[in-house]
Structures are given as C-alpha cells and as structure tokens.
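>>> Give me coordinates for this.
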Amino acid sequence: MADQKQVLVADDEPNLRRVLEAQLRRDGYEVHAVADGEAALATLAEHHIDVIITDLRMPKLDGMELLKSVTKSHPDVPVIMITAHGTVDTAVEALKLGAFDYVTKPFDRTELKNVIEKATRTRDLASQAVTVAPEREEDDSRGRFNIIGTSELMQTIYDIISKVANTPSTVLVTGDSGTGKELIARALHEHGGRSNEPFIKVNCAAIPPDLIESELFGYEKGAFTGAVTSKPGRFELAHGGTLFLDEIGEIPISMQVKLLRAIQEQEFERVGGIKTTQVDVRLVAATNRDLKADIAEGRFREDLFYRLNVVHMRLPPLRERTGDIPLLLEYFLGRFNTRLSRNIEGFSEEARRVLLTYQWPGNIRELENVVERCMLFCDGTQVELEHLPPEVAGVDGGTGRISDPAVDAAAAVDAAGPEAGLKDVVREATARLERELIQRALDRTGGNVTHAARLLKISRKSLQTKMKELDLRD
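Numbering: from 1, shown residues only. You can find the predicted model right below:
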C-alpha cells in the first residue's frame, strides 16, 4: 500500500498556513493545517502524522506546550519549530527539550524542504529503533535502567552502565538493528551526573553527506545558499550534556577527521565561521556496522574508531536472549491493549511456542510490530497461531515451514489464471493480502476510514485509493 507522508502544520497565521500547505503539497506530502496547538493534538490523535511543523506562539496551546505533549505521547514524531528572529533563543531551548529542528521567518523554501526530508528520513529510520521501558524502573524483576530484560547477557550490560554512567568516557554501542541501542545511550545519560542537561541525538544515516558538518557544528549566516541566519550545531546544543550519534558508521570519511578533533579537543568552528567554540560534551556513538571491516576497506578512520571505542558495549540480538521474550510480550501486550483499546489476555500455547523459537532478524522492533499486528486482527481474548504473520507462523523451530504460505501461493496461482506469469501471481497474492488487512482494519474501526488508515499507518487518501482498486466499499 502506498504510504504518502503526512505533515501536520500548526500556525495561527492563515496566510502562512496556506503558503506552507501549498509548498508541502507540491513536494508530495499530505497536509493537515490547523490554527492552534489544541487542534494539532486532536489531529495527531486521528491521523498517522509523520512530521509536525508548529509556530512557537499560538493561542490556546503554544508551540512549546505542544512540543512537550508530543514528546510525551508520540516521541517518535519529529517536531519542527517555526520562529521569528527574536525568538531564536527559545527555539534553541526547544531543541534541547526534544524538538527536531527549527526554521526562522521568513524561511527559505530550500532550507525548509531539506529539514522536512531529513525529519521524514529520521522517522523512517527510527522505526528500526526500540523504546521498551518498564512502567516502574525499580521493578528489577523486569529489568533495570528503564530497559526490559533479565537474561545473563543483559545483566552484563547493566553492570557496564552502572560503572560508566557517571563518567565522561566515550561509549561505543554496537548491535543489530532493532536491539535498542538508543535505550543504552539514554540510560547512560539519565543515570549519570549530566541527567539534568540536554540529551541530543543525531541519526547520521538520515543526513545527506554534504549537510553533516553544518548539522554537527552549526553554521554562520551566509555560509551557503539558504543560510539566512546563524544556527548552532548539535555539539553546541549538547553542551554540558550528552550527544548521541546513532549510525556513526554512515559519516563520510571526509568528515571523520573533523569529528575526531571535536571529540578530542572539545572544540570546533561553525561552517563559514572563524571563532572557535569550546564545549563540554559526553559522547555516545552507536552502529550496526562492523567498523573494523570498514577500517580495513578504507571507509572508517582507525584513529576515530579507537577514540570512540573507549568503552565498548555489544547489545545482543533477541535470538541470543530468548529468555527475555516472555517479559517483552507481557510489556507489549499491556502497551497495545491501551493504545488499541483492546482487552487481549495473552497468547495461546502454540502461538507462544512459535514466538519463542522464531529467529527474530528484526529483533525487538520486529517483535513489537508482530504483537501490534496480532492484537489488531485478534477477534477474541487470546492471540492464536492464525493471527501471527506468515513469515513468523511459517517457521517451525527455525528449521522448516508449515503449509499456510504454500496454500496462499496456490490460491494466488488459481486466481491469476493458468496463463499467468510470476508477476501476475505476486500481484494477485499482494492484492489478496491487502484486501484482508484493509477489511480487518475497517471491521476493527466500525467502517471508519480515517481510523482504519491510522491503524494501517497510511494516509486516508492512500487508503481510499486502495479501497477503490480492490473494490472495497468506501
């Protein structure tokens, strides 16, 4: 199903809303425009919003209060602030509180487009991240440091956090996608002496190579086309606190020497500037790449690697800590019962057995998505084997497949006809799956297309188009 990105614009100036809406639609986004923060929160509850653009000063609920609410209820949704020159300091404060970025009035069209594209890429990449935290941190039966897991491998991770959280030492966290590396960075920050200072995160994979320097170190007015004002970089914003560089292996090698200097000397110059800025920043970096292999192939500097690798923490994949799966299932069950307004009591013995023996290549994030999907389409009070996705239910102990996928494929072949080629069969199988998912979402929401689109995480327009293609009643 096509996924058109949805942008929510909140601004009390009608002319600016119209300008932003027209520009964003030209750039291919679906736009929801509202006049204040309260209306923005109502829209966020109804739609699968990918990015929020908000003015700082609005009636009823201003941009700062909107940011605080979104950060709490939808921490994965990037918030971009629009500010006048006189309120840039407030915008910088908003960045420290979790805003993704800000643009100043009058804004440059190219700058705004770049910021939004970067925000959508960051959100897409964030879908590989994990936010798994017990409701009560002191409940050691479920984990420690706001992380769920009691396996021996996780206990080793907790011991390292205890020893290094209150130090300035640089930490390198490695592990597969979806294992929860950002959780480790947050634990190091929140349980050390910098917990009351900013925690600034940067996903290096979401930033174009030619913009990475200005993102990290900031720039001066006129440094390049679109630099209509000076802007601090992430190192400045993290002063006194923690800077988390996710996907550090994606930084271009041409930038790595400047990053090395900033880490070693705790100083740098903005792009287009001559003044040296000194900072006090604790750095945590993370990657799912084999940096030693990248060094051997000339893609990563060896001196930077050793500067980052003062403390190394390898986060184990879920297949190495299967004893934690029951705790994670319990946690996700509670979360999605609340979010989806369900009352699912648990998993059948057969479904639980499959979940415990599946290899989980997508790790905790994949487990989270599977649980959400199962609960969305479960009609009773217990998740059964039939509710599991085919790629999960079709694996028996990681060694063989059961018959359901073959039956589905045969049905697709029959529906496509005897003369059909592979593309026709795939198209028919995809249509059958889409029709089933859409119909179940509509049944779950009582036929409400807007709510069904939100559950399916696509735009209302995309869902309506797909319903027409599949001859489903709108």
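>>> Now do the buried residues in stretch 358-365.
The neighbour-count check on stretch 358-365 (16 or more other C-beta atoms under 10 Å) flags Tyr358, Trp360, Gly362, Asn363, Ile364, Arg365 as buried. For glycine as for every other residue, the C-beta is placed from the backbone atoms N, C-alpha and C.
>>> show me where pLDDT drops low in this protein?
1-3, 85-86, 126-140, 394-421, 474 (pLDDT under 70).
>>> tell me, which helix in it spans the most residues?
helix 422-444 (DSSP state H).
>>> Return the distance of that helix from the chain's centre.
Chain-centre distance of helix 422-444: 26 Å, with C-alpha atoms, centre = their mean, to the nearest Å.
>>> Now do the next helix-or-strand element following that helix and helix 422-444, the angle between them.
Helices and strands here follow DSSP states H and E; after helix 422-444, the next one along the chain is helix 449-456. Put simply, helix 449-456 runs at 120 degrees to helix 422-444, going by axes from the mean of the first three to the mean of the last three C-alpha atoms, to 10 degrees.
>>> by contact count, what packs against helix 449-456?
If you count contacts as 3 or more C-beta pairs under 8 Å, 6 or more residues apart in numbering; DSSP states H and E, helix 449-456 packs onto helix 37-46, helix 422-444, helix 460-469.
>>> That one versus helix 37-46: what angle between them?
Using the same axes, to 10 degrees: helix 449-456 against helix 37-46 is 70 degrees.
>>> returning to what we had before: now flag whichever of the buried residues of stretch 358-365 is closest to Lys461.
Checking the buried residues of stretch 358-365 against Lys461 with C-beta to C-beta, the nearest one is Arg365 at 27.3 Å.
>>> From Gly334, how far out is the closest one?
Distance, Arg365 to Gly334, using C-beta to C-beta, to the nearest Å: 18 Å.
>>> can you check Arg142 too?
Taking C-beta to C-beta, one finds Arg142 at 11 Å from Gly334.
>>> ok, now which ones touch Ile251?
Applying C-beta atoms under 8 Å, 6 or more residues apart in numbering, we find Ile251 in contact with Cys204, Ile212, Leu245, Leu259.
>>> let me fix that: Gly28
Residues near Gly28 by C-beta under 8 Å, 6+ apart: Gln4, Lys5.
>>> From Arg57, how far off is it?
In terms of C-beta to C-beta, Gly28 sits 29 Å off from Arg57.
>>> Where do the helices of the stretch 101-250 of the chain begin and end?
According to DSSP state H, counting those that start in this stretch, the stretch 101-250 of the chain carries its helices in the segments 109-126, 152-164, 181-190, 212-217, 234-237.
>>> just to revisit the earlier point, now secondary structure and distance to Thr445 too, for the buried residues of stretch 358-365, in JSON lines please.
Shown next, in JSON lines, are the buried residues of stretch 358-365 (DSSP: H, G, I helix; E, B strand; the rest coil; distance: C-beta to C-beta, whole Å):
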{"residue": "Tyr358", "secondary structure": "coil", "distance to Thr445": "29"}
{"residue": "Trp360", "secondary structure": "coil", "distance to Thr445": "29"}
{"residue": "Gly362", "secondary structure": "coil", "distance to Thr445": "27"}
{"residue": "Asn363", "secondary structure": "helix", "distance to Thr445": "30"}
{"residue": "Ile364", "secondary structure": "helix", "distance to Thr445": "27"}
{"residue": "Arg365", "secondary structure": "helix", "distance to Thr445": "25"}
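>>> Of those, which is the nearest to His451?
Arg365 (24.1 Å).
>>> The closest one touches Lys181, doesn't it?
No. Judged on C-beta atoms under 8 Å, Arg365 makes no contact with Lys181 at a distance of 11.2 Å.
>>> just to revisit the earlier point, Arg142 and Gly334: who's more crowded?
Shown here are Arg142 and Gly334; by other C-beta atoms under 10 Å, Arg142 has more neighbours (20 against 12).
>>> Please list all residues in contact with that one.
By C-beta under 8 Å, 6+ apart, the contact set of Arg142 is Pro134, Ile148, Thr150, Leu327, Tyr331.
>>> Neighbour-wise, give me the winner out of these.
Greatest neighbour count in these, by other C-beta under 10 Å, goes to Ile148: 22 neighbours.
>>> Hmm, Asp324 and that residue touching each other?
Yes. The pair Ile148 / Asp324 is scored as a contact, 6.9 Å apart, by C-beta under 8 Å.
>>> got a list of what Pro316 touches?
Pro316 touches Ser151, Leu153, Met154, Gly175, Thr179, counting by C-beta under 8 Å, 6+ apart.
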